[in-house]
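[1] sequence and predicted model, in that order:
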Amino acid sequence: MFISFEGIDGSGKSTQARLLADALRAEGHDVVLTREPGGSDGAEAIRRLLVEGGTDRWSAETEILLFNAARRDHLERTIMPALKAGKTVVSDRFADSTRVYQGATRGDLTETVEALHQLMIGIEPDRTFVIDIEPRIGLGRGVARGGAEDRFESMGLGFQETLRTGFAALAHADPTRVRLIDGSGTAEEVASRVRATL
Ligand code: TYD
């Protein structure tokens, strides 16, 4: 299976991706835990261009191309080889992040995002878990963590509210694949919700 985790900044999805990978490994599955942007050498190099620097470093269109370039490398070098070898892939973010961060926040680019996805990527995860939390809580966690990777977090609370609505809309549009998970409570509580849903 190919499983992705999604959510706004500071939602706790990275912790959940790791906890699910650990749980599946403990049951004997061969699991590849990976992330976007990144997950392969080339994509990690592109990641640095995307997550560091000022909010106006790239136009929205250039940003979409960079995310797709990173994703294509990740797909070719990491995801497809693992799936072909019969492994389970758990990815911290995938194409829904581009649909929401670059598409839903700029309504006029929704079709561009989808067209590029169909042209260059063309696959969806089998299941996607959106860890849903209050943007105020998510931003608080991001600030507490610090570091240089704050390009999207620095776009503010209104931006995070739009993202949350965008992820909820994806879950509504494709309820078989995309599941909203209540992200409140302890990491263990959220992990058991993910497990029950899976
Ligand atoms: P990520 O490493 O998941 O950050 P965090 O763990 O803080 O959530 O992602 C880095 C940033 O890149 C994050 O703010 C979301 C953004 N992003 C997009 O805008 N589009 C995309 O397609 C992806 C994969 C990420």
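    Sure, I can see it. Numbering: from 1, shown residues only.

[2] for the nearest residue to residue 93 once chain neighbours are set aside, give its distance to the ligand.
    Closest residue in space to residue 93, ignoring its immediate chain neighbours: residue 36 at 4.2 Å, by CB to CB, 6 or more residues apart in numbering. (Each C-beta comes from the backbone N, C-alpha and C, glycine too.) From residue 36 across to the ligand, the span is 4 Å (CB to the nearest ligand atom, to the nearest Å).

[3] tell me the contacts of residue 36?
    Applying CB atoms under 8 Å, 6 or more residues apart in numbering to residue 36 gives the contacts 43, 67, 70-71, 74, 91-94, 97.

[4] recalculate using a threshold of 10 Å.
    4, 6, 43, 47, 50, 67, 70-71, 74, 79, 91-95, 97-98 (CB atoms under 10 Å, 6 or more residues apart in numbering).

[5] can you give me the helices for the chain?
    Assigned by DSSP state H, the helices in the chain fall at 13-26, 41-51, 60-74, 80-84, 95-97, 110-120, 135-145, 157-173, 187-197.

[6] buried residues in the longest one?
    Taking 16 or more other CB atoms under 10 Å as the basis for neighbour counts, the residues of helix 157-173 that come out buried are 159-160, 162-164, 166-167, 170-171.
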